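K.L.:
model the following, please.
(4 chains)
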There are 2 protein chains.
Amino acid sequence: MSSVSKALELMTFFSGARPEIGLSEMRRLAGRDKATTYRHLQALQVFGLIEQNPETKNYRLGPALLQLAQLREQTVPRKAAARTAIQRLAEVAGETTHVSVMSGNTLYALDSCESEKHSTRAIIDISIFPLHATASGLCALAFGAPDLLEMAQADLKPFTASTPLTQDALAAAVADVRRSGFGKSFGTFEADIHSLSAPLFDQDGHFAGAVSVASVATRFGPTLERTIMQGLVAASKDITKNWGGRVPQDIEHKWEATLGGHTEMEHAT
Amino acid sequence: MSSVSKALELMTFFSGARPEIGLSEMRRLAGRDKATTYRHLQALQVFGLIEQNPETKNYRLGPALLQLAQLREQTVPRKAAARTAIQRLAEVAGETTHVSVMSGNTLYALDSCESEKHSTRAIIDISIFPLHATASGLCALAFGAPDLLEMAQADLKPFTASTPLTQDALAAAVADVRRSGFGKSFGTFEADIHSLSAPLFDQDGHFAGAVSVASVATRFGPTLERTIMQGLVAASKDITKNWGGRVPQDIEHKWEATLGGHTEMEHAT
DNA sequence: AACCGACGGTTCAATATATGAACCGATTGT
DNA sequence: ACAATCGGTTCATATATTGAACCGTCGGTT
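P.N.:
Okay, here's the model as predicted:
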């Protein structure tokens, strides 16, 4: 691991639950020497990627990120392009929706949208989707780079009693996603949340991210499932198009097959 | 220079005018070996800080920045806090306004706001304010860390015919800012732009950034100057307060003295 | 069609650079 | 008064970084 990577890794320890981190805590999180950690933090600080809270001496993310993100948006305005789609999806599903983007071996949360329909909602505050435990993550394993599955199988962290813990269990879940075209996570990340997802694709038809709906388990049933799946297909096509990508033919066929045959019709359209 | 810094430096070469950079161009910009540059780019890419345009193989800023910036905003929502103030300032001044933040030895652009009043406006598209050539930069030199002035004097890059090019000229400009409490840049960065600025402060009363107004030179005169200065004082107090900082007493006194006395002070000193 | 230069990417010996145990002074709780 | 942490610093050691040379490919030129 290069020292550059080690330094950059430090930034990944910040989260909504842990927005500020002291030197010693950072050292523990990174599992590295204090002096090394300190120098890495200094290097990041010089570029404004992190800064120190002058009161507590704790480190937190820095102002340069605002600059860089603005420029990124300007260069590739993905988030704005996805927002309307997930808002519409949240509306028709009446549940919380998410979009995530694949970069390297990591699936990053890009944006989310809550529905006003119910007073109880799924609020999933994560910035990196665990590949084996979330619907979006399963999409990545099913349609992303082949080596992702091996990596995920090597690190099957348990989140709930339902999280797949064996390589076979995960492989079976992934096979189902490959067959149906939809990622499914029934309480594998949060106990009372049922999630469905659909993959997004880049200009080469490669996996680029996922769009997902997280619904409260007690509300979930065949009717809602079908509504969500239909919404996911529309959202995936829309976002993929707006990102300059294209949905491969075989994926569209899978969606049609899953929606056309599998579900009993509640009422004709 | 640490390898971490060398890698991070690569990210600073992206700009609105240069949103994508190929390996060879990046190597030239950084003045480093191609192999080194390549490995650094790889490390940045793994963390999603940059990504490759699959069509052109050029590198551009990556999606992880969106994540990190969002979390930064959540942790320290400075930009949102400053926006209303610079909008109000743009309105009363009828000119383009900017806010910048100090991090390390660099003054970063945080946000800007254009006024609808005139059809011609100042549009200053920079992400890092040169300390010796901009009104905001002079504020940093006047009220920021003492060593900034030495650093700036060692690198007096000329932008226009009016840019201060000698250590004495810069020292004189800084002295004037220290006296008046306002940064002044009359065509030193862009030939036809007159700028005024006021410093912002953190919780310890230390320099934290600047707010500035960039006006078209032909419109500039004593009346507009006074209006802008009054607006700058209000904006600086407002933003500083919203950032959890405090304006030192002596700065407020300087502003009062400058505005209370004669506003038509000739800028030659 | 052969040539050319520039591109992105890779290799490996040489060495410049990162590393961490030990240390410091300040702070906090006992 | 003591012990435990904290953020930060030092310096000999050794490990990770470096860059010249190389490869295959691509577009334009002769």
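K.L.:
which secondary structure element is home to the closest residue to A:Asp155 other than its chain neighbours?
P.N.:
Leaving aside its chain neighbours, A:Asp155 sits nearest to A:His132 (7.9 Å; criterion: Cβ to Cβ, 6 or more residues apart in numbering or on different chains). Any C-beta I mention is one placed from the backbone N, CA and C, and that applies to glycine too. Under DSSP states H and E, no helix or strand contains A:His132.
K.L.:
same deal with the one 10 residues further on?
P.N.:
Under the criterion of DSSP H and E, A:Ala142 resides in helix A:135-143.
K.L.:
list of residues touching that helix?
P.N.:
With contacts defined as Cβ atoms under 8 Å, 6 or more residues apart in numbering or on different chains, helix A:135-143 is touched by A:98, A:100, A:102, A:107, A:129-132, A:148-149, A:152, A:170, A:173-174, A:177-178, A:182-185, A:195-199, A:207, A:209-212, A:214, A:251.
K.L.:
now it: mean pLDDT?
P.N.:
Across helix A:135-143, the average pLDDT comes to 97.
K.L.:
buried ones in the helix or strand that it is followed by?
P.N.:
Per DSSP H and E, the first helix or strand lying C-terminal to helix A:135-143 is helix A:147-153. By 16 or more other Cβ atoms under 10 Å in any protein chain shown, the buried positions in helix A:147-153 come out as A:148-149, A:152-153.
K.L.:
and if you look at stretch A:82-100?
P.N.:
Using 16+ other Cβ under 10 Å as the test for burial, stretch A:82-100 gives A:82-83, A:85-86, A:88-90, A:92-100.
K.L.:
is that stretch positioned near chain B?
P.N.:
No - against chain B, stretch A:82-100 shows no contacts by Cβ under 8 Å from any Cβ of the partner chain, the least distance being 9.5 Å.
K.L.:
now stretch A:70-78
P.N.:
Yes - interface with chain B: stretch A:70-78 contributes A:70-76, A:78 (Cβ under 8 Å from any Cβ).
K.L.:
restricted to buried residues, select those in PyMOL.
P.N.:
Buried subset of the residues of stretch A:70-78 next to chain B, written as a PyMOL selection, criterion 16+ other Cβ under 10 Å:
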select buried, chain A and resi 70+71+72+73+75+76+78
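K.L.:
okay, the residues of stretch A:70-78 next to chain B in a markdown table with secondary structure and distance to A:Met11 next?
P.N.:
A markdown table is the format used below for the residues of stretch A:70-78 next to chain B (DSSP: H, G, I helix; E, B strand; the rest coil; distance: Cβ to Cβ, whole Å):
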| residue | secondary structure | distance to A:Met11 |
| --- | --- | --- |
| A:Gln70 | helix | 18 |
| A:Leu71 | helix | 18 |
| A:Arg72 | helix | 15 |
| A:Glu73 | helix | 19 |
| A:Gln74 | helix | 22 |
| A:Thr75 | helix | 20 |
| A:Val76 | coil | 20 |
| A:Arg78 | helix | 20 |
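K.L.:
which residues in the stretch 1-150 of chain A form helices?
P.N.:
Taking DSSP state H, counting those that start in this stretch to define them, one finds helices in the stretch 1-150 of chain A at A:3-11, A:23-30, A:34-46, A:64-75, A:78-93, A:135-143, A:147-153.
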